[in-house]
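# sequence and predicted model, in that order:
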Amino acid sequence: MMNQANWHPVWPFPSPADSPSFVSGDPASSRIRIAYFRKPDDRHLFARVWFGPGAEGPPLHAHGGAMAAVLDEAMGGVCWMNDYQVLAARLSVTFLRPLPLDTHTTVEAWIVSVDGRKVSPRARLLDASGQVVAEGEGLFIVMKEDYLTAR
């Protein structure tokens, strides 16, 4: 398991932490609970994630879509935390092993490269023993300045 001694809570998104979010908006959810962290002077984003009974896919295990949604949000979060205002253009998730429900996991997300408006992050989801359960990679595009305000 990763050393979490110097992790500091962070909310990586521009919206308030208590705003409704598809993945991390309800800290009392029976589906997914997420708390985000970062280390001082580190551009990686970390999260502690719990998958509850509402995230069930195969019997007694987390749904692949729930794991993919967490990886997607973490990859977007690491971009926003590092001042890239992005939207996802492409996501790829590789599932390596099933994840039992009621499991506390760790997510790590980081940026691999930036090419103009293209930001390429990666993320991995680790179980309590430190085994990688799923990995994600994506292509995110920096939005034009007025995109979020134009209607």
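Thanks, I have the structure now. Numbering: from 1, shown residues only.
# what residues sit buried inside the longest strand belonging to the chain?
Longest strand in the chain, counting residues (DSSP state E): strand 103-115. Across strand 103-115, burial judged by 16 or more other C-beta atoms under 10 Å covers T105, T106, V107, E108, A109, W110, I111. The C-beta positions use only the backbone N, C-alpha and C, and glycine is treated the same way.
# report the next helix or strand after that strand in sequence order.
Next along the chain after strand 103-115, taking DSSP states H and E as the criterion, comes strand 118-126.
# that next one pairs with which strands?
Partners of strand 118-126 in the sheet, by DSSP bridges, are strand 103-115 (antiparallel), strand 132-142 (antiparallel).
# tabulate the ones you listed (JSON lines), appending distance to V10.
Below are the strands paired with strand 118-126 laid out as JSON lines (distance: least, C-beta to C-beta, whole Å):
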{"stretch": "strand 103-115", "distance to V10": "12"}
{"stretch": "strand 132-142", "distance to V10": "18"}
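# mind putting these in a markdown table, distance to F13 and mean pLDDT included?
Formatted as a markdown table, the strands paired with strand 118-126 follow (distance: least, C-beta to C-beta, whole Å; pLDDT from 0 to 100):
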| stretch | distance to F13 | mean pLDDT |
| --- | --- | --- |
| strand 103-115 | 13 | 96 |
| strand 132-142 | 13 | 98 |
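# how near is the residue nearest the centre of the chain to P12?
The residue lying closest to the centre of the chain (C-alpha atoms, centre = their mean) is A74, at 1.9 Å. Taking C-beta to C-beta, to the nearest Å as the measure, A74 falls 9 Å from P12.
# shared neighbours of the two, anything?
Taking C-beta atoms under 8 Å, 6 or more residues apart in numbering as the criterion, A74 and P12 both touch L45.
# residue contacts, the closest residue to P121 other than its chain neighbours?
Distances taken as C-beta to C-beta, 6 or more residues apart in numbering place M75 nearest to P121, at 4.1 Å, with adjacent residues excluded. Contacts for M75 were tallied using C-beta under 8 Å, 6+ apart; they are A88, L91, A109, P121, R122, A123, G136, E137, G138, F140.
# ok, now how distant is the residue lying closest to the fifth one once chain neighbours are set aside from G76?
Pointing back at R122 there. Spatial nearest neighbour of R122, excluding adjacent residues (C-beta to C-beta, 6+ apart): E137 at 4.8 Å. Per C-beta to C-beta, E137 is found 13 Å from G76.
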